[in-house]
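Colleague: coords please:
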Amino acid sequence: MEIRSLEELRAADGLSLAFNPYGLGGRMRPEDATEFQQRQIADCNLSEGVAAGTRDSFERLRTVFAYGVLCDDVYTIVGDQALLIYEQALRDRFMEWCSGTITFRLSQAPDVSYTVTSYDDVKKRADRMTRQRAKLVVDTHAIEFNGMLHGLRLWARTAGLLRGRRSRAVEDALAKLRNHVAHPSGHHVDTPVGAARTVRDLAELINQLWGRATPDGRLYPAPLHREITVLSWNGSGRARMEPAGALTASEPAEDEESDEYQHVVVRAIPFIPGSRWNDAHWAEFDTRYETTRFPTDYLWGPGTREQARAWLEKERPEGDSIEFTDRVFLVQDHGRLLPPMRPAVAAGLPDGERVGVWHVVRADFPDDAFAHVRGSADRSAGHARRPGDCPACSAEVLGSGTFDEALRASAAALGPIQAVHLPSVRLPLSIFWPDRPCGTGRGDG
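Modeller: As a prediction, the model looks like this:
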């Protein structure tokens, strides 16, 4: 081993300097690289309730990350250690959740409870109970639990501490990477970008375990704000989206004066330039089907600009915040697959439109639900057909069958479903569902 001087140890690593705000390329000045790299994780703060052990381990990561400018290998060490803290966080949260007592369910015997003072106690008891084929009792459920990472992840999901269908896929990836780090089979190298992403994902996961969503988060985002919005279109197929305030405060545009526009008022995610939450499918809004990426609620219309303005001034609706993950969709297969539908909208369908096979899917986005049902028709694709998480995509199967069976499966997941009856309104663009006719009319396609 080469013994280096203190001055050499203080020198910046040229490889670290090559990672700049524009990607991998020209080297930054050491002073600029030091500030830039620290800012990549500077806002990864943990909530106040996080267990002390998890917090201390995480803060150590953030401290060490800053030294990556001096030694590029530090980023690999930080990325690997972050994956190990993944399991530590689950263990610490489990101990708080169980409050010193864990209960197991045997197949032909009463439930048994045990006192535990550390996670070592939990692991030893779980090993013994697994040999007896006992299951851990989590609220009203009983799950397989061996005290290892897989069991902890299943517990966190069952207990409702982790959410989102797409984030489940990231959790799977983190678990596989963690196992690779814990049981290495070769040498690997991480980058500042990869290490920072792992630290950020870890911060989101830890905060979610302790009940705090992350504003603008990638895995467990906080509820999104929706505003009162007006969607307008004309017979030529032109459409636009504008805040309700713009409608009530301005005169019609020149093109609107020369060509009759129709307007509907909705509660929707506003368009913000550069935001990851912009809805690219807003112009496909349909009152029957879930064709927008985020939940868009119909309020009024269609009608003229003056009618819309009068309704807004009278009713004065307000925006809200909405959670968009883990939504339940119904997909109808009647000769062909129809776009996903909300259970409440499906419950309001007339008897003649309840035919065919209905699939009940939990997903974060409607296209995820549709893609799963379409893929499940191909047995070689590996999509789940029975209730449970799909191993091939970001969806959970809740049930399938007749219309009544689908509604019962939806009610089991959401509680009582109140039917809603909406007028049939469809905007002219149909990018996501190319086989559907454009314009307004009946929503049966």
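
Colleague: what mean pLDDT would you report for the strand or helix carrying residue 398?
Modeller: Assigning secondary structure by DSSP states H and E places residue 398 in strand 396-401. The pLDDT scores in strand 396-401 average 96.

Colleague: and the angle for whichever helix or strand comes after it with strand 396-401?
Modeller: Going down the chain from strand 396-401, the next helix or strand is helix 403-414, by DSSP H and E. With axes from the mean of the first three to the mean of the last three Cα atoms, to 10 degrees applied, the angle from helix 403-414 to strand 396-401 works out at 150 degrees.

Colleague: Quick one: list the elements packing against helix 403-414.
Modeller: Applying 3 or more Cβ pairs under 8 Å, 6 or more residues apart in numbering; DSSP states H and E, we find helix 403-414 packed against strand 327-333, helix 343-347, strand 357-363, strand 396-401. Every C-beta, even on glycine, is put in place using the N, C-alpha and C of the backbone.

Colleague: In contact with the residue lying closest to residue 269 once chain neighbours are set aside, which residues?
Modeller: Using Cβ to Cβ, 6 or more residues apart in numbering and skipping the chain neighbours, the partner closest in space to residue 269 is residue 294 (4.7 Å). Listed by Cβ atoms under 8 Å, 6 or more residues apart in numbering, the contact set of residue 294 reads 224, 268-269, 277, 279, 322, 324.

Colleague: rerun at 6 Å
Modeller: Applying Cβ atoms under 6 Å, 6 or more residues apart in numbering, we find residue 294 in contact with 269, 279, 324.

Colleague: returning to that earlier point: nearest to residue 180, out of the helices and strands packed on helix 403-414?
Modeller: strand 396-401 (26.4 Å; Cβ to Cβ).

Colleague: residue contacts, the residue nearest the centre of the chain?
Modeller: Centroid check for the chain by Cα atoms, centre = their mean gives residue 164 as the closest residue, at 4.1 Å. Contact analysis of residue 164 by Cβ under 6 Å, 6+ apart lists 325, 364.

Colleague: Report the separation between it and residue 368.
Modeller: 11 Å (Cβ to Cβ, to the nearest Å).

Colleague: And residue 380, by the same measure?
Modeller: Applying Cβ to Cβ to residue 380 and residue 368 gives a distance of 20 Å.

Colleague: ok, the two, which is more surrounded?
Modeller: residue 368 (20 against 6; other Cβ atoms under 10 Å).

Colleague: Who are the packing partners of the strand holding residue 398?
Modeller: Packing partners of strand 396-401 (3 or more Cβ pairs under 6 Å, 6 or more residues apart in numbering; DSSP states H and E): strand 357-363, helix 403-414.

Colleague: Confirm that residue 166 sits in a strand.
Modeller: No - per DSSP: H, G, I helix; E, B strand; the rest coil, residue 166 lies outside any strand segment and is helix.

Colleague: Where do the helices of the stretch 251-400 of the chain begin and end?
Modeller: 254-258, 305-315, 343-347, 366-376 (DSSP state H, counting those that start in this stretch).

Colleague: returning to that earlier point: can you list the helices and strands packed on helix 403-414 in JSON lines and add distance to residue 169?
Modeller: Output for these, formatted as JSON lines (distance: least, Cβ to Cβ, whole Å):
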{"stretch": "strand 327-333", "distance to residue 169": "16"}
{"stretch": "helix 343-347", "distance to residue 169": "24"}
{"stretch": "strand 357-363", "distance to residue 169": "12"}
{"stretch": "strand 396-401", "distance to residue 169": "12"}
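
Colleague: so which of the ones you listed gets nearest residue 194?
Modeller: Once the helices and strands packed on helix 403-414 are compared by Cβ to Cβ, strand 357-363 is nearest, at 27.8 Å.

Colleague: other SSEs contacting that closest one?
Modeller: strand 327-333, helix 366-376, strand 396-401, helix 403-414.

Colleague: winner for burial among these?
Modeller: strand 327-333 (a mean of 24; mean count of other Cβ atoms under 10 Å).

Colleague: tell me the angle of it relative to strand 396-401?
Modeller: 40 degrees.

Colleague: Is residue 137 in a helix, a strand, or coil?
Modeller: Classified using three-state DSSP, residue 137 is strand.

Colleague: Got the phi and psi for residue 100?
Modeller: Phi and psi for residue 100, reported as degrees, to the nearest 10, are phi 90, psi 0.

Colleague: got a markdown table for the helices and strands packed on strand 357-363, with distance to residue 261 too?
Modeller: Output for the helices and strands packed on strand 357-363, formatted as a markdown table (distance: least, Cβ to Cβ, whole Å):
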| stretch | distance to residue 261 |
| --- | --- |
| strand 327-333 | 31 |
| helix 366-376 | 27 |
| strand 396-401 | 40 |
| helix 403-414 | 36 |
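
Colleague: Quick check, residue 229 in contact with residue 268.
Modeller: Yes - counting by Cβ atoms under 6 Å, residue 268 is a contact partner of residue 229 at 4.6 Å.

Colleague: How about residue 343: what's its closest non-neighbour residue?
Modeller: Using Cβ to Cβ, 6+ apart, the closest residue to residue 343 is residue 410 (3.9 Å).

Colleague: again with residue 246
Modeller: The nearest residue in space to residue 246 (Cβ to Cβ, 6+ apart) is residue 230, at 7.7 Å.

Colleague: what's that neighbour sitting at in phi/psi?
Modeller: Residue torsions, per degrees, to the nearest 10, at residue 230 are phi -110, psi 130.

Colleague: Over to the one 3 residues further on?
Modeller: In this entry, residue 233 is assigned phi and psi values of phi -150, psi 160 (degrees, to the nearest 10).
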